[in-house]
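Colleague: Predicted coordinates and the sequence they were generated for:
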Amino acid sequence: MRKKYYCPSCKAEVEVLEACGASSYFCNNCKKLISSKAILEEDLERKDNL
Ligand SMILES: [Zn+2]
């Protein structure tokens, strides 16, 4: 099962774009690309709920 990724700015789920073996992330809410270093993974969202 795939992980989900979230925008660090607006916390919306981002679209994963895979090209040439590298993944990019695009936030449809902010209309911008998010770097893989800045992206929030599903695991981090669980922390927010505590
Ligand atoms: Zn965003």
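Modeller: That came through fine. Numbers count the residues shown, from 1 in each chain.
Colleague: switch to C-alpha atoms for all contacts and neighbour counts from now on
Modeller: Noted.
Colleague: quick one: low-confidence ranges for this structure?
Modeller: 1, 43-50 (pLDDT under 70).
Colleague: Near the ion, which residues of it? Just list them.
Modeller: For the chain, the contact set with the ion under Cα under 5 Å from the ion comprises 7, 10, 27, 29, 30.
Colleague: And the residues you listed, which of them are buried?
Modeller: With burial judged by 16 or more other Cα atoms under 10 Å, the buried subset of the residues of the chain next to the ion is 7, 27.
Colleague: What number of residues are in the vicinity of the closest residue in space to residue 4 that isn't next to it in sequence?
Modeller: Among residues not flanking residue 4 along the chain, residue 42 sits closest, at 5.2 Å (Cα to Cα, 6 or more residues apart in numbering). Number of residues near residue 42 (other Cα atoms under 10 Å) recorded here: 14.
Colleague: quick one, helices of the protein?
Modeller: Along the chain, the stretches classed as helices by DSSP state H are 42-48.
Colleague: Let me see the ranges of the strands in it.
Modeller: Using DSSP state E, the strands assigned to the chain run over residues 5-6, 15-19, 22-27, 32-34, 40-41.
Colleague: picking that back up, could you double-check that the residue nearest to residue 4 lies in contact with residue 3?
Modeller: Yes - the pair residue 42 / residue 3 is scored as a contact, 6.2 Å apart, by Cα atoms under 8 Å.
Colleague: Look up the closest residue to residue 25, ignoring the ones flanking it.
Modeller: residue 16 (4.7 Å).
Colleague: Look at that neighbour and say how many residues are nearby.
Modeller: Residue 16 has 15 neighbours, counted by other Cα under 10 Å.
Colleague: Next up, the contacts around residue 41.
Modeller: Counting by Cα atoms under 8 Å, 6 or more residues apart in numbering, residue 41 touches 3, 4, 5, 6.
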